[in-house]
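Visitor: What shape does this take:
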Amino acid sequence: MAQSKMKFGIDLGTTNSAICKMESGEPVIKKTDTLKDTLPSCVSFTKKKIAKVGDSAYNDLRQDKSRATKKWSNDRENVFIEFKRNMGTDKSYESSNMGESFSPEQLSAEVLKALKSFIADDNITSAVITIPAKFKADQIAATKRAAQKAGIEHCELLQEPIAASMAYGLSASNKNGQWLVFDFGGGTFDVALIKVEDGIMQVKDTEGDNYLGGKNLDYAIVDSIIIPYLKENYSITNIMENETTRNILRDAMKFYAEQAKNQLSFKPQADITSQLDEFGEDDEGEEIELDMVITQEQLASVLTLVFQKAIDITKQLLKRNGLSGSDLDKLILVGGPTYSPVLREMLRKQVTPNVDTDIDPMTAVAKGAALFASGIDSDVKEELAIGTVALTLSYEANSVQPIEFVTIQLSKEECTGSIPSRLFVELVRSDNGWSSGKVEINEIGDVIECQLMDGKNNAFTVNAYDEKGTTVPCFPKEINIMQGIVVGNAVLPYNISIEAHDSGLEKKCSEVGKRS
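Guide: As a prediction, this is how the structure comes out:
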């Protein structure tokens with residue numbers, strides 16, 4: 001049995017999730033079953049008791065919401081989304097098709113299982129999973145339980161803004177200054193203040209709102225643009241006066257609001273047209289349809305109020321730390337809604353003109369999580385094939401120096417089969433621009449000075465040979481050393497506590513503890 005490094009980073013998002021794998025020293029986003037970078041965090045249960053996750057489940061959700069307008073009543077639901085907002089609570093989601101209720105962590109586990117299924121050549125038993133910066137202890141514990149339910153035995157948690165800053169910082173030309181990560185996701189908002197000195201990142205402070213995100217933007221568009229259009233063209237007074245029917249109408253229109261929001265991030269206007277026979281009838285029996293144009297100007301007046309809440313939180317964070325926008329070297333954007341030109345202009349005017357758009361807001365968190373994972377020893381050990389030489393390599397996985405010292409020792413007790421009388425090891429950098437040459441190794445070990453490429457995650461292939469130069473199978477076969485950025489402090493608070501857990505109800509009953 002031999003220990004290896006983690007290879008996977010997972011962005012478990014409120015509305016969308018992604019998985020990233022380290023390959024030859026590079027974080028690679030793995031495509032979903034629909035060949036997208038991200039997977040809708042949506043779970044659907046069919047009458048045949050099959051769980052569907054992702055785009056197919058999201059399509060079921062859209063159909064369910066539009067179907068509800070036909071009778072203006074909500075049947076028992078079987079499609080669920082945005083359950084991450086209720087992680088760590090007693091909230092349950094009842095599925096009539098399954099005949100049971102599901103907790104937010106159980107639904108999150110289904111999303112994690114779906115992400116794992118996109119990796120055909122590896123069994124994922126360890127990974128780094130990201131969480132919002134303002135997640136509390138019970139939400140953190142629930143996320144870890146979700147990982148365990150999905151078969152991820154070793155789960156390390158990383159705050160989303162920290163993951164994004166790692167993805168950004170690796171390639172950043174300036175490794176010094178004050179950075180602000182502005183993470184506006186589908187369901188949560190986080191902002192983190194980071195001080196960087198010679199590539200070493202210190203997280204100074206975080207703030208956020210676990211109930212502020214793209215969902216709020218969508219409903220603002222529904223209430224301020226789409227509903228007024230419907231009032232002008234249809235008779236919906238009775239529908240709007242009843243809370244149940246009003247919410248059914250708003251939920252059905254949310255999908256078109258999201259469509260308009262996404263389109264208007266890249267073009268001046270969006271044409272919104274519903275499908276034939278998609279919605280039910282108004283108070284007078286006329287079928288409701290959408291056929292409208294929404295402009296960026298209309299959208300700006302609506303989204304400004306929601307975005308302002310996030311900007312006010314950001315200003316409070318800066319004020320608390322005795323800073324102003326002029327002290328920021330970079331404001332890094334993360335999350336789909338940050339594509340909005342409305343938000344970007346508001347940030348430039350109210351916070352700092354140094355808004356950086358170099359990283360992909362949708363995948364930065366997953367990439368940063370994978371980079372962080374590459375420096376963590378996995379608790380899950382691997383069975384070695386017969387004839388494999390086991391090596392112990394000791395090194396700093398993150399460095400701001402041009403050279404990193406790697407200690408290599410032979411681990412005889414973990415080797416399988418016979419061991420060559422003389423063993424030589426060579427480290428070769430992935431770009432083939434540097435090699436250590438063959439160094440003789442025994443149980444005492446030796447130290448190799450590895451030359452690193454600046455601002456990159458350096459991957460080194462580990463090759464082993466006997467005295468005749470014949471290749472010998474060895475483990476590990478690769479190591480990664482990230483040059484240019486280092487997280488200089490703990491990324492999560494820790495608790496010393498005693499927890500009472502009811503195995504029958506599968507929930508925490510009480511907890512007594514102290515944060516350290």
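Visitor: Point out where the stretch 51-200 of the chain drops to low pLDDT.
Guide: The stretch 51-200 of the chain contains no residues with pLDDT under 70.
Visitor: Ok, the chain next?
Guide: Checking the chain against pLDDT under 70 turns up 1-3, 379-381, 488-516.
Visitor: Domain parsing of it, as residue ranges.
Guide: The record's domain split for the chain, according to automatic domain parsing, is 2-171+362-373, 214-301, 383-484.
Visitor: Buried residues, the lengthiest helix in the chain. List them.
Guide: Counting by DSSP state H, the longest helix found in the chain is helix 296-320. Within helix 296-320, the residues scored as buried using 16 or more other CB atoms under 10 Å are 296, 298-300, 302-303, 306-307, 310-311, 313-314, 317-318. C-betas here are computed from N, CA, C, even on glycine.
Visitor: Show residues contacting the helix or strand that that helix is followed by.
Guide: Next in sequence after helix 296-320, counting helices and strands by DSSP states H and E, comes strand 330-334. Residues from elsewhere that reach strand 330-334 (CB atoms under 8 Å, 6 or more residues apart in numbering): 160-161, 164-165, 168, 172, 174, 177, 179-185, 344, 347, 351-352, 354-357, 359, 361, 364-365.
Visitor: Among those, name the ones in strands.
Guide: Within these, residues falling in strands by DSSP state E are Gly177, Trp179, Leu180, Val181, Phe182, Asp183, Phe184, Val355, Asp356.
Visitor: Of those, which is the nearest to Pro268?
Guide: Val355 (20.8 Å; CB to CB).
Visitor: and that closest one, how many residues sit next to it?
Guide: The burial count assigned to Val355 is 19, neighbours taken as other CB atoms under 10 Å.
Visitor: tell me the contacts of it?
Guide: Leu331, Leu333, Arg344, Leu347, Arg348.
Visitor: that older thread, of the domains of the chain, which is nearest Ser326?
Guide: domain 2-171+362-373 (20.3 Å).
Visitor: That closest one: how far from the chain's middle?
Guide: Taking CA atoms, centre = their mean, to the nearest Å, one finds domain 2-171+362-373 lying 8 Å from the centre of the chain it belongs to.
Visitor: what does stretch 468-478 give?
Guide: Relative to where its chain is centred, stretch 468-478 has its mean C-alpha point 35 Å off (CA atoms, centre = their mean).
Visitor: Show me what the helix or strand hosting Val406 is packed up against.
Guide: Element membership of Val406, judged by DSSP H and E, is strand 403-410. For strand 403-410, the packing partners by 3 or more CB pairs under 8 Å, 6 or more residues apart in numbering; DSSP states H and E come out as strand 389-394, strand 423-429, strand 439-441, strand 446-451, strand 478-483.
Visitor: Pretty sure Thr32 sits against Ser41.
Guide: No - Thr32 lies out of contact with Ser41 (CB atoms under 8 Å); the separation is 11.7 Å.
Visitor: And the contacts of strand 330-334, which of them are buried?
Guide: 160-161, 164-165, 168, 172, 179-185, 344, 347, 351-352, 354-356, 359, 361, 364-365.
Visitor: how many other residues sit next to Ser101?
Guide: Using other CB under 10 Å, the number of residues around Ser101 comes to 11.
Visitor: Give the bridge partners for it, please.
Guide: Beta-bridge partners of Ser101, counted by DSSP bridges, are Glu94.
Visitor: was I right about it contacting Glu94?
Guide: Yes - counting by CB under 8 Å, Glu94 is a contact partner of Ser101 at 4.6 Å.
Visitor: Report the set of residues contacting both of the two.
Guide: Common neighbours of Ser101 and Glu94 (CB under 8 Å, 6+ apart) do not exist.
Visitor: can you tell me how far Lys30 sits from Ser418?
Guide: 38 Å (CB to CB, to the nearest Å).
Visitor: quick one: which of these two has more around it?
Guide: The neighbour comparison of Lys30 against Ser418 (other CB under 10 Å) goes to Lys30, with 18 against 10.
Visitor: you'd agree the more buried one is up against Phe118?
Guide: Yes - shown here, Lys30 and Phe118 form a contact pair, counting by CB under 8 Å, at 4.9 Å.
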